[in-house]
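# next input, structure requested:
(one chain, ligands or ions: 1)
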Amino acid sequence: MNDQPMIEVEDLTKRYAGRAAVSGISFIVGRGEIVGLLGPNGAGKSTTLRILAGFLTASSGSVRIAGMDAQRDADEVRRRIGYMPENNPLYPEMRVREYLKFRARLKGLSRGQSRERVSVVTEQFGLGEVSRKLIGHLSKGFRQRVGLADALVHEPELIILDEPTIGLDPTQIRTARQLIKDLGRKHTVVLSTHILPEAEMTCQRVLILHEGRIVAEGAPAELQQLMNRGGQILAEIAAPGAALRAAFEALVEVETVAVTPLDGDFHRCALTPANGADLRSQVFAVVKERGWELRELTRDRFSLEDIFMRVTRHEEEEV
Ligand code: ATP
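Below you'll find the predicted structure:
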């Protein structure tokens, strides 16, 4: 039973007034994963999360949460989900503790259970010092924590966070990211972000969404590898240009070699691997064997940001 994925989305489409915000996306999230939906504004992230959380109905396709149909078994599904919407609708005129108790009761917890759980999440999110304050008087960082506490109060298996660090200052962002990682130890977490380092730092897996479609998917490192195909090896070596070219062209895994003169005897060698291979050790071996002088050897890696740019640009070019 527990091998069953936490989320199974199949061919999900959502249209607003005939226009598709999400177009036939499919993905699976395993239990205990932290998965990020990454994409620019309007990519369809919030729409997807709202459907997962049962707050919006799909135009077509299916969503199963812990094996249950999100639409047919909406009440049961909602009990298993903690959802923090993008503009967390907190009640400014309520006090923190009062609000969390109200939310816990709304989610079906008994009076005793809610008292206990509110104490637990108050402790968990460091809300003790503000528990009697009006929500409207809290800083954005504390309000965000109240939102997380609210999402967690009924001990859901799945936590859905829409842009969880938006509007926070750098210190609050660091704290929030750590909180999310900690949540991932016990829960399944799906979050959306348009901030690339956030996806890299907090998520085990990333789905890149662009114009309502998933255009790339994988662990941040996998996506990097994917894009490393064609990633260059750069070396600065003191040796005759022709000898450098001949030596590197002789390597089986090298597809192209470009040699340009630098200062003194040095040349800049840019090698493109045939299959994404990391050629640094081979380059070093050649240099050592010939007794050449090497002053730089790097691999041109791409950040997720480059991937994102490339993937989305690629999509646009296809249209
Ligand atoms: P953002 O970070 O800006 O919220 P997003 O990736 O979450 O972006 P969505 O909010 O899901 O994107 O929006 C996807 C598309 O659907 C956008 O073009 C948006 O304008 C449109 N859209 C969203 N909600 C509605 C709505 N209620 N009615 C009509 N169109 C909508």
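# only C-alpha atoms for contact and neighbour calcs from this point on.
Fine.
# the domain parsing of this structure - what is it?
Structurally, the chain divides into domains by automatic domain parsing as follows: 7-226, 232-299.
# so for the ligand, which of those domains sits nearest?
Closest approach to the ligand among the domains of the chain (CA to the nearest ligand atom): domain 7-226, 3.2 Å.
# just name the most buried of the domains of the chain.
Mean neighbour counts were compared across the domains of the chain using mean count of other CA atoms under 10 Å; the top stretch is domain 7-226, at a mean of 19.
# any chance you could list what contacts stretch 163-181?
By CA atoms under 8 Å, 6 or more residues apart in numbering, the surrounding residues in contact with stretch 163-181 are 34, 84-86, 140-141, 144-145, 189, 191-194, 198, 201-202.
# show me those residues that map onto helices.
Secondary structure assignment (DSSP state H) places 140, 141, 144, 145, 198, 201, 202 from the contacts of stretch 163-181 within helices.
# and those, which two are furthest apart?
Based on CA to CA, the longest span within the ones in helices among the contacts of stretch 163-181 runs between 140 and 201 and measures 21.6 Å.
# any chance of TSV for the ones in helices among the contacts of stretch 163-181, columns distance to the ligand?
Below are these laid out as TSV (distance: CA to the nearest ligand atom, whole Å):
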residue	distance to the ligand
140	18
141	19
144	17
145	20
198	14
201	19
202	18
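# looking at the residues you listed, spot the one nearest residue 151.
For these, the minimum distance to residue 151 (CA to CA) is 9.7 Å, reached by residue 145.
# contacting residues around the closest one?
In this structure, residue 145 makes contact with 125, 127, 176, judged by CA under 8 Å, 6+ apart.
# where does the last one land in three-state SS?
Right, residue 176. State at residue 176, reduced to three classes by DSSP: H, G, I helix; E, B strand; the rest coil: helix.
# near the ligand, which residues of the stretch 51-200 of the chain are found?
By the criterion of CA under 6 Å from any ligand atom, no position of the stretch 51-200 of the chain is found lying close to the ligand.
# pLDDT weak spots in the stretch 51-200 of the chain?
When residues are selected by pLDDT under 70, those of the stretch 51-200 of the chain lie in 89.
# quick one: the strands in it?
60-65, 68-69, 81-84, 158-162, 188-193 (DSSP state E, counting those that start in this stretch).
# let's see stretch 47-58 as CSV, backbone CA atoms only.
Extracted as CSV, the C-alpha positions of stretch 47-58 are listed here (Å, rounded to 0.1, in the frame of the first residue of the first chain):
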residue,chain,number,x,y,z
THR,A,47,-3.4,26.2,-11.3
THR,A,48,-1.8,22.7,-11.0
LEU,A,49,-1.4,23.1,-7.2
ARG,A,50,-4.9,24.3,-6.7
ILE,A,51,-6.2,21.2,-8.6
LEU,A,52,-3.9,18.9,-6.5
ALA,A,53,-5.2,20.5,-3.3
GLY,A,54,-8.8,20.0,-4.4
PHE,A,55,-9.7,23.7,-4.7
LEU,A,56,-10.2,23.7,-8.4
THR,A,57,-11.6,21.1,-10.7
ALA,A,58,-9.8,20.0,-13.8
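# was I right about residue 210 contacting residue 45?
No - counting by CA atoms under 8 Å, residue 210 stays clear of residue 45, with 9.1 Å between them.
# give me the common contacts of those two.
Where contact means CA under 8 Å, 6+ apart, the residues bridging residue 210 and residue 45 through contact with each are residue 39.
# quick check: residue 125 vs residue 143, distance?
Counting by CA to CA, to the nearest Å, the gap from residue 125 to residue 143 is 11 Å.
# ignore what I typed, I meant residue 151.
12 Å.
# before we move on, what about residue 243?
Where residue 143 is concerned, residue 243 sits at a distance of 64 Å (CA to CA).
# does stretch 11-23 reach the ligand?
Yes - if you take CA under 6 Å from any ligand atom as the test, stretch 11-23 does meet the ligand, through 16, 21.
# which residues touch that stretch?
24-26, 42-44, 47-48, 57-63, 211-213.
# again, only this time at 6 Å
For stretch 11-23, the external contacting residues (CA atoms under 6 Å, 6 or more residues apart in numbering) are 24, 25, 26, 44, 58, 59, 60, 61, 212, 213.
# just stretch 251-271 next, same as before
232, 233, 234, 235, 236, 237, 238, 272, 273, 274.
# the third one belongs to a helix?
No - judged by three-state DSSP, residue 234 forms no part of a helix; its state is strand.
# specify the beta-bridge partners of it.
Residues found in beta-bridge contact with residue 234 (criterion: DSSP bridges) are residue 270, residue 298.
# wait, what's in contact with it?
Listed by CA under 6 Å, 6+ apart, the contact set of residue 234 reads 269, 270, 297, 298.
# and for residue 199?
Going by CA under 6 Å, 6+ apart, the list of residues near residue 199 reads residue 36.
# let the chain start at 68 from now.
Understood, numbering begins at 68; the last thing we discussed is residue 266.
# distance of it from residue 103?
Distance from residue 266 to residue 103, by CA to CA: 6 Å.
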